[in-house]
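Participant: fold the stuff below for me.
(chains A and B)
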2 protein chains.
Amino acid sequence: MVASEVRALFAVASRPEVVSLAGGMPNVSALPLEELGDLVSRVVTEQGATALQYGSAQGDPALREHICDVMSLEGIDASADDVIVTVGSQQALDLITRVFVDPGDVVVAEAPTYVTALNTFAAFQAEVAHVTMDDEGVIPEALEETLGRLRAEGRRVKFFYTVPTFQNPAGVTLTPERRRRVLEICERFGVLILEDNPYGLLGFDGEPMRALRADAPDRVIYLGSFSKILSPGFRMGWALAPSAVRAKLVLAAESAMLSHSTFNQLVVGQYLSTHPWREQIKTFGAMYRGRCEAMLGALDGLMPEGCSWTKPAGGFFVWLTLPEGLDSKAMLPLAVNERVAYVPGTGFYANEEGRRNMRLSFCYPTPEQIREGVRRLSGVIEREIALRDTFGDVTTRPTDGTDAPSPDVP
Amino acid sequence: MVASEVRALFAVASRPEVVSLAGGMPNVSALPLEELGDLVSRVVTEQGATALQYGSAQGDPALREHICDVMSLEGIDASADDVIVTVGSQQALDLITRVFVDPGDVVVAEAPTYVTALNTFAAFQAEVAHVTMDDEGVIPEALEETLGRLRAEGRRVKFFYTVPTFQNPAGVTLTPERRRRVLEICERFGVLILEDNPYGLLGFDGEPMRALRADAPDRVIYLGSFSKILSPGFRMGWALAPSAVRAKLVLAAESAMLSHSTFNQLVVGQYLSTHPWREQIKTFGAMYRGRCEAMLGALDGLMPEGCSWTKPAGGFFVWLTLPEGLDSKAMLPLAVNERVAYVPGTGFYANEEGRRNMRLSFCYPTPEQIREGVRRLSGVIEREIALRDTFGDVTTRPTDGTDAPSPDVP
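Facilitator: Below you'll find the model as predicted:
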């Protein structure tokens, strides 16, 4: 394991004068703190004997029932018996990798994909095979070609890891037609799907996308999280898995932590019982829509020719592609010097790709900050283009390699 | 991994008519719930923007400073930089095993030792070499002999795992003289020590024992926990490690969960800032002393000849040895039928030992329940002795193999 490039960024990007378009922190200021304060207090005073005690490794049964209600919004019909509560969906990802992956196994993943998933796969010595995406998500033909090639090479594919909805980092969403094809291809190749869906309920318009898991309960392990629809501060996520897998995950969870915090589980359960959580999710969605519009509007108005970017319908992220000959990682120190930060694209690939890409997040800064950040960024890119036109390709410059602590890059 | 024997017990032992001397649940009824309720509420309303957000993988700096204060009670002089906050000390144990152990490596551990540590070592395919204990803790000569033999065999020993104070399950404490010898032996063999110390502050009399870590900062990784001195419901533990190890653990923690709950960390930090926590620990200690006295008194008065047991000076557990020819695992269904439960000794060994032993816990039931439980247990043992005298050795009988959920066996 090596310190991720993304972490290195936060020492500088956390300075107040920098507009950070880098982090993936949800905006918890939309939460009703007084009500939440009362709620957590009542959990202690009224349910203290349970809340302050050990719980089961699988998680609180009442919370697992609530989790099934949350997933039903995406068309999933599940039993609470097949849910395991985890320390964020990150722990679920870790436990699943631990249970499934032996060194040298292959994990297939979108290109680009979630940076900390790559770290986890690397920690268990999996090799990642990337599959190309476009604006409609992963390309089925590319997935089929990759699985066919790996089979021909005799490689052991453990699962296809995908963030199908409002993807991190690309911001794109797999279309319903492609969902059917991805399921059919994975079924044909006998490959398990790991559907990571932290943003699925944070669409800007209309009904939530139907989850892959909804149509393939035996083929898909689904990962969910309360980090974006409530708060990351409780570290409350889950996995929904076929029962044989779920049993293995419960044993792995017991070894990993005995059990998750009973207190936090009862807090989230109480929140879902007593609070209009569906309305709260809509409030979040509306806020993020406004910020996304601010970002897309600023990009449209300010970015120099030759840049392109995705147009998310939900989630937290826009994926920007620079003109040829530019390098987002080499450019980062200049950008930070101009008081704007982003995540260079290379961190989201297990190979050498991504140098012309960057992830821009619109979740945390205000619309005004976003516009100002994009303005600064476009100035930096303009100067890089001018440099390229004068001196040729911009290649390696030293990047900031400080080992900073904050991994707020989910 | 297999479902542990201990877990199997809880489906039956949780019935209200059964006196459970099995679980290791702390008695949280001694906590001031109203005050704690106010405290958690204030953390949300006054520090919500931080408490409900992601944190760093290493843990909240202020909490890590408090943790250094807690450890100073055991003679440890540490920097908060070398502390990592974990989901109970169980997660620290898991991360350390993950970082250090390759399949086939050897972990040296006391005989008997903490059951879930054995599960974790097994999950990472470590082989456990047990070292004999007596009433003064692990026997230095036996440790030296084991390390010498393993070296002669060319085996790779990754660490010596020890619960030196009020051991789980044996209830014994390593004497100061032996601590010096254990440190000297491990230094000589170049073996790291993993000091697991969840009960160290819960002594019945006098000052806390000086931790092994206090005298060997580079040789010892120390694991601590708030589960027994505050509440297991927050899942708050830590590791103190030499800085090179700590850096690896932080990366492993990031892969395992991104970060621990910021909310819980601020709650525990606030508790330590504003509450007389040293007094609370004394309250806990006095309560457990009363329960231990109830157990030892009942054992003295009621147990048939041929039984022996340890006399703890703190912690949660008494380790009982049955007369020859008896089998604690085979006897368990009979005991549960007589409405008393315990943990059979076999779960605390990686080999076939422990059939004549059982762990009796005095932490959770009231003194009256403890006396009644011991009364029932002594009746069961008496009948087993009579059976043995009539029919010879009591050997295998079917044991209860239900896969029950609750792992409250720390």
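
Participant: for the rest of this, base every contact and every neighbour count on C-alpha atoms.
Facilitator: Fine.

Participant: mind checking the SS state of the residue nearest to the spatial centre of chain A?
Facilitator: Taking Cα atoms, centre = their mean as the criterion, A:Asn168 is the residue nearest the geometric centre of chain A, at 4.5 Å. Per DSSP: H, G, I helix; E, B strand; the rest coil, the local secondary structure of A:Asn168 is coil.

Participant: settle this for me: it is touching A:Thr310, isn't it.
Facilitator: No - the pair A:Asn168 / A:Thr310 is not scored as a contact, 11.7 Å apart, by Cα atoms under 8 Å.

Participant: how about the residue nearest to the centre of chain A, phi and psi?
Facilitator: phi -100, psi 110 (degrees, to the nearest 10).

Participant: could you pull up the residues touching it?
Facilitator: By Cα atoms under 8 Å, 6 or more residues apart in numbering or on different chains, the contact list for A:Asn168 reads A:Thr113, A:Tyr114, A:Phe316, A:Phe317.

Participant: just flag the most distant two among those residues.
Facilitator: Using Cα to Cα, the contacts of A:Asn168 span at most 14.0 Å, a distance reached by A:Thr113 and A:Phe316.

Participant: which one of these two has more residues nearby?
Facilitator: A:Phe316 (32 against 23; other Cα atoms under 10 Å in any protein chain shown).

Participant: for that one, which non-adjacent residue is spatially closest?
Facilitator: With Cα to Cα, 6 or more residues apart in numbering or on different chains as the criterion, A:Phe316 has its nearest non-adjacent residue at 5.1 Å, and that residue is A:Cys363.

Participant: distance of that neighbour relative to chain B?
Facilitator: Noted for A:Cys363: a distance of 13 Å to chain B, by Cα to the nearest Cα, to the nearest Å.

Participant: with A:Thr310 instead?
Facilitator: Between A:Thr310 and chain B the computed distance is 26 Å (Cα to the nearest Cα).

Participant: same thing with A:Ser259?
Facilitator: 8 Å.

Participant: let me see the domain layout of chain A.
Facilitator: Domain segmentation of chain A under automatic domain parsing yields A:5-30+A:280-391, A:49-274.

Participant: with distance to B:Asp393 and mean pLDDT added, can I get the ones you listed in JSON lines?
Facilitator: Listed next are the domains of chain A as JSON lines, based on distance: least, Cα to Cα, whole Å; pLDDT from 0 to 100:
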{"stretch": "domain A:5-30+A:280-391", "distance to B:Asp393": "61", "mean pLDDT": "93"}
{"stretch": "domain A:49-274", "distance to B:Asp393": "35", "mean pLDDT": "97"}
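
Participant: which among those domains is found nearest to B:Glu384?
Facilitator: For B:Glu384, the closest of these is domain A:49-274, at 33.3 Å, according to Cα to Cα.

Participant: so which residues of chain A form strands?
Facilitator: For chain A, the strands defined by DSSP state E occupy A:19-20, A:83-87, A:106-111, A:127-134, A:137-138, A:157-162, A:193-196, A:220-225, A:236-240, A:308-309, A:317-321, A:340-341, A:343-344, A:357-361.

Participant: dump these to TSV, plus mean neighbour count.
Facilitator: Shown next, in TSV, are the strands of chain A (neighbours: other Cα atoms under 10 Å in any protein chain shown):
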stretch	mean neighbour count
strand A:19-20	26
strand A:83-87	28
strand A:106-111	24
strand A:127-134	19
strand A:137-138	25
strand A:157-162	23
strand A:193-196	25
strand A:220-225	26
strand A:236-240	26
strand A:308-309	18
strand A:317-321	24
strand A:340-341	28
strand A:343-344	26
strand A:357-361	28
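
Participant: which of these sits closest to B:Glu338?
Facilitator: Short answer: strand A:83-87, nearest of these by Cα to Cα, at 34.3 Å.

Participant: run the chain-centre distance for the closest one.
Facilitator: Distance of strand A:83-87 from the chain centroid (Cα atoms, centre = their mean, to the nearest Å) equals 17 Å.

Participant: what angle separates it from strand B:83-87?
Facilitator: 160 degrees (axes from the mean of the first three to the mean of the last three Cα atoms, to 10 degrees).

Participant: counting contacts, what elements does strand A:83-87 pack onto?
Facilitator: Under the contact criterion of 3 or more Cα pairs under 8 Å, 6 or more residues apart in numbering or on different chains; DSSP states H and E, strand A:83-87 touches helix A:61-72, strand A:236-240, helix A:243-257.

Participant: taking the stretch 201-350 of chain A, what residue is nearest to chain B?
Facilitator: A:Gly233 (3.8 Å; Cα to the nearest Cα).

Participant: quick one: which of the contacts of A:Asn168 is nearest to A:Arg151?
Facilitator: Distance to A:Arg151 across these (Cα to Cα) is lowest for A:Thr113, with 22.2 Å.

Participant: quick check, the closest one in contact with A:Phe348.
Facilitator: Yes - using Cα under 8 Å, A:Thr113 makes contact with A:Phe348 at a distance of 5.2 Å.
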